[in-house]
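Novice: Next comes the sequence, and after it the predicted model I'd like to discuss.
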Amino acid sequence: MLEASRCKKGKDTAKFILEWMEPGAYKEHVGGRCPDRECLALIEYRVIPDKCNMCGLCQDACKYSAVQGEKKKTYRSGYLPFEIRQKRCTKCGECIKVCPTGAIVIVDVKTKEPVGV
């Protein structure tokens, strides 16, 4: 960014931005990763099926109907597992707050690996 700018205004802007970012953060962002989990386009919320107890609290907490699945019922088998519809998800974090088992995680869009807290 600093090297590519051809005018003083571009170079000054680049300098200002780079001074306020953590070391290496710009390079991470150019690579499509946000270590601070603030760039919503670079993260997704996912349900880990093995950790999910199918209580449905996440579904109840979501104002945008982004969580789909079926609550566990004692008289039934063959449930539709919970998952988060990415196009509806606003990444507000309400589902994570209410999940008693920690089954909802934030993952990197590119690697699909959980992003550290």
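Specialist: Arrived safely. Residues are numbered from 1 along each chain as shown.
Novice: Now the element after the lengthiest helix in the chain, going C-ward?
Specialist: Secondary structure assigned by DSSP state H gives helix 8-20 as the longest helix of the chain. Using DSSP states H and E, the helix or strand that directly follows helix 8-20 along the chain is helix 25-30.
Novice: buried set for that next one?
Specialist: Of all the residues in helix 25-30, those buried under the rule 16 or more other Cβ atoms under 10 Å are Ala25, Glu28. Quick note: C-beta positions are derived from backbone N, CA and C, even for glycine.
Novice: what do you get for stretch 103-117?
Specialist: Ala103, Ile104, Val105, Ile106, Asp108, Val109, Val115.
Novice: likewise stretch 55-65?
Specialist: Cys55, Gly56, Leu57, Cys58, Gln59, Ala61, Cys62.
Novice: hmm, which helix or strand of the chain has the shakiest average pLDDT?
Specialist: helix 25-30 (a mean of 75; mean pLDDT, DSSP states H and E).
Novice: How is the chain divided into domains?
Specialist: Per the record's domain assignment (automatic domain parsing), the chain is made up of the domains 1-31, 39-108.
Novice: Among those domains, show me which one is buried the most.
Specialist: Ranked by mean neighbour count, those are led by domain 39-108 with a mean of 15 (mean count of other Cβ atoms under 10 Å).
Novice: Cheers, nothing more for now.
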